[in-house]
Each structure stands twice: as C-alpha cells, then as structure tokens.
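Q: Sequence and predicted model, in that order:
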Amino acid sequence: MKLTYEIVEHNDGWAYKVGDTFSETFDTHDQAAEAARRAASEQQLSDETHDIEYEDADGEWHEESSEGDDRPETEVKG
C-alpha cells in the first residue's frame with residue numbers, strides 16, 4: 001500500500017490531503033509540506049499489533065488484526 005500526501009490550497013491557506021481527507025489548514029505551503037513530511041514519516045514507524053474495527057464505504061463494519069510492522073510506503077507531492 002502507498003499513501004500519497006498531496007499539498008493543496010484549502011480554506012484560504014494550505015493543507016495536505018491523503019485520499020479525500022484534508023489536514024488542518026496552514027498559513028503557508030512550507031508549513032503544510034513540513035507537516036505532511038512529518039505525518040508521512042510517522043506512518044513508517046513500527047508499532048504493536050492491534051485488533052481494529054472500521055466501517056467501509058457501504059456502512060459495513062469489519063474486524064481485523066493490524067500487524068505493527070506492516071507499514072505503508074509514503075510520499076509527499078506538491
């Protein structure tokens with residue numbers, strides 16, 4: 001899996017976006033880019049294995065185990 005953090009104009013400022021989800025708004029492009037780089041690097045950190053529950057786009061709930069060392073590849077664009 002690969003997550004792309006894209007720097008975009010948002011709410012009279014700048015934000016990063018992953019898929020359809022926006023970060024908070026920053027005053028400058030550089031601030032948004034730095035926050036995106038920080039968030040992307042944190043995605044690379046291993047953690048403990050956890051059981052997770054999530055709702056999909058059809059409203060169905062799923063349960064699965066998330067391996068702590070199964071981290072996505074990330075990149076920052078913009």
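A: Done, it's in. Numbering: from 1, shown residues only.
Q: In the chain, what helix or strand scores lowest on average pLDDT?
A: For the chain, counting by mean pLDDT, DSSP states H and E, strand 50-55 ranks last in confidence among helices and strands (a mean of 82).
Q: Which strands or helices does that strand pack on?
A: Judged by 3 or more Cβ pairs under 8 Å, 6 or more residues apart in numbering; DSSP states H and E, strand 50-55 is in contact with strand 61-66. Just so you know, the C-beta spots here come from the backbone N, C-alpha and C atoms, and that holds for glycine as well.
Q: Can you give the strand pairings for the strand it packs on, parallel or anti for each?
A: strand 50-55 (antiparallel) (DSSP bridges).
Q: what about the strand it pairs with, distance to the chain center?
A: Averaging C-alpha positions (Cα atoms, centre = their mean, to the nearest Å) puts strand 50-55 17 Å from its chain's average.
Q: what's the span of stretch 14-29, first residue to last?
A: End-to-end distance of stretch 14-29 (Cα to Cα, to the nearest Å): 6 Å.
Q: Give me the buried stretch members for it, please.
A: For stretch 14-29, a neighbour-count test (16 or more other Cβ atoms under 10 Å) marks 14-18, 23, 26 as buried.
Q: And for that stretch, what's in contact with it?
A: 3-13, 31-33, 35-36, 39, 76, 78 (Cβ atoms under 8 Å, 6 or more residues apart in numbering).
Q: From those residues, list just the buried residues.
A: 4-7, 10, 32-33, 35-36, 39, 76.
Q: Which of those fall in strands?
A: Under the assignment DSSP state E, the buried ones among the contacts of stretch 14-29 contribute 4-7, 10, 76 to strands.
Q: just for this structure, where's the confidence low?
A: Confidence mapping of the chain against pLDDT under 70 gives the ranges 44-47, 66-71.
Q: First residue to last residue on stretch 53-61, what's the distance there?
A: Start-to-end span of stretch 53-61 (Cα to Cα) is 7 Å.
Q: Thanks a lot, see you next time.
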